[in-house]
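J.: 3D model of this:
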Amino acid sequence: MTPLSVSSLRAVALCAASLFLLPVAFAQSSSAPTPATSTTEKVDRALREDGNWYFSWGYSRQQYAPSNIHVSQPSLGNDFTVNQVAASDFPSSPQDTVSSLFKLDWTNPQENVRVGKFMNPEKTFAIEFSLDHSKYNSDLNQTASVSGTINNQPFNGNLVLNEQNFNYTLHNGLNHIMVNAVWLQHLSGPEQQPGHLQWISRAGAGILLPHAENTIFGNQNQVGPKSENVCCSSSKDWWQVNGWTAGVEVGLRYRVYKTIFVELTQKFAYGALKGVPVYQGTADHNLWMSEQVFSAGFLF
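T.: Next up is the predicted model:
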């Protein structure tokens, strides 16, 4: 898939952000301002009502803008930047996805989890936890410019990024873990009933929890088996907190049944990765991600 340019992603992200702001207009009232005590009572009632929680599970595709990856390996005499690295996601095949579902290996595909709670009786505003188990890999056999120091010698030239020279992946995965504010707007159909179509907007921020797999100049990074070092603070852990992320998401939610819905959304996120483990060193880079998510969920 053709990588998106930073400028185009930024432009689309600004457009999405403007769309996200539209639901603010939905917080309108035809009556006089409600006293604070009445507002508190409404929130308390909303938190007690049934159907105020929801859960969804879905799958996604991602596209990444080219980014600069800075590598520091002091003991090897390496401190260089690989410029404008093109990268792609790594989706499972349809057969592999179905096989993973039957094996209950749900983290094999690029999956997306949302858990939220409505904060008002109208169920138009919610606070949500989200996990985007995206995947990232530098495109093999591309030629990129490299500048800095390699093997204690100045270097400024082109390098073919093959499996031995530079193979940089976050396959298990590039996990965006976020807390979101969520707004829903009625579009058509009977409200809160089958056939209800809503516009949904999200904005949030959180941490990046990647698992790094990479080979740089023949040296492969190894952090140990997943079964021994799972998460999240040691340099030998399988998943490590390696930065922060923020993003916006817009799309449609359709009520299939009173308690079942499907969603189709477009998300734009920015991530700042710091201290990603490589062989005897670390890597840093910032990225722009565009993501399409299709999910199904239920209210409870």
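
J.: A helix includes Ser75, no?
T.: Yes - Ser75: assigned to a helix according to DSSP: H, G, I helix; E, B strand; the rest coil.

J.: In space, what's closest to it - neighbours in sequence excluded?
T.: Gln280 (5.0 Å; C-beta to C-beta, 6 or more residues apart in numbering). The way it works is simple: take the backbone N, C-alpha and C, and place the C-beta from them, glycine included.

J.: I'd guessed the one you found sits against Gly77; true?
T.: No - in terms of C-beta atoms under 8 Å, Gln280 does not count as a neighbour of Gly77; the distance is 10.6 Å.

J.: So between the two, which is more surrounded?
T.: Neighbours around Gln280 and Gly77, counted as other C-beta atoms under 10 Å, are more numerous at Gln280. The numbers are 14 against 11.

J.: roughly how far apart are the more buried one and Trp199?
T.: Taking C-beta to C-beta, to the nearest Å as the measure, Gln280 falls 50 Å from Trp199.

J.: what's the distance between the strand or helix carrying Ser130 and the middle of its chain?
T.: Using DSSP states H and E, the element containing Ser130 is strand 125-138. Between the centre of strand 125-138 and the centre of its host chain there is 4 Å, according to C-alpha atoms, centre = their mean, to the nearest Å.

J.: Given that strand, what are its sheet partners and their directions?
T.: In the sheet, strand 125-138 lines up against strand 87-88 (antiparallel), strand 111-118 (antiparallel), strand 166-188 (antiparallel) (DSSP bridges).

J.: now the strands: where do they sit in the stretch 201-300 of the chain?
T.: Listed in chain order, the strands found in the stretch 201-300 of the chain under DSSP state E, counting those that start in this stretch are 213-216, 219-220, 231-232, 239-240, 243-257, 260-278, 281-299.

J.: My error: substitute the stretch 1-150 of the chain in the last question.
T.: With DSSP E, counting those that start in this stretch as the criterion, the stretch 1-150 of the chain has strands at 53-64, 67-73, 78-85, 87-88, 111-118, 125-138, 142-150.

J.: Just the buried residues of the fifth one, please?
T.: Same thing as strand 111-118. Buried residues in strand 111-118, counted by 16 or more other C-beta atoms under 10 Å: 111-114, 116, 118.

J.: how many other residues sit next to Gln220?
T.: Using other C-beta under 10 Å, Gln220 has 12 other residues around it.

J.: Without its sequence neighbours, what residue ends up closest to it?
T.: With C-beta to C-beta, 6+ apart as the measure, Tyr279 is the residue that lies nearest to Gln220, at 6.5 Å, once sequence neighbours are left out.

J.: try Asn112
T.: Take Asn112 and drop its neighbours on the chain: the residue closest to it by C-beta to C-beta, 6+ apart is Gly58, 4.5 Å away.

J.: Look up the pLDDT of that neighbour for me, please.
T.: Model confidence at Gly58, given as pLDDT, is 94.

J.: Can you tell me how far it is from Gln292?
T.: Distance from Gly58 to Gln292, counting by C-beta to C-beta: 10 Å.

J.: now Val179
T.: The separation that Val179 has from Gln292, given C-beta to C-beta, amounts to 22 Å.

J.: Which one's more surrounded, the two?
T.: When neighbours are counted by other C-beta under 10 Å, Gln292 comes out ahead of the other of Val179 and Gln292, with 15 against 12.

J.: show me what contacts the more buried one?
T.: Residues in contact with Gln292, defined by C-beta atoms under 8 Å, 6 or more residues apart in numbering, are 60-61, 264-267.
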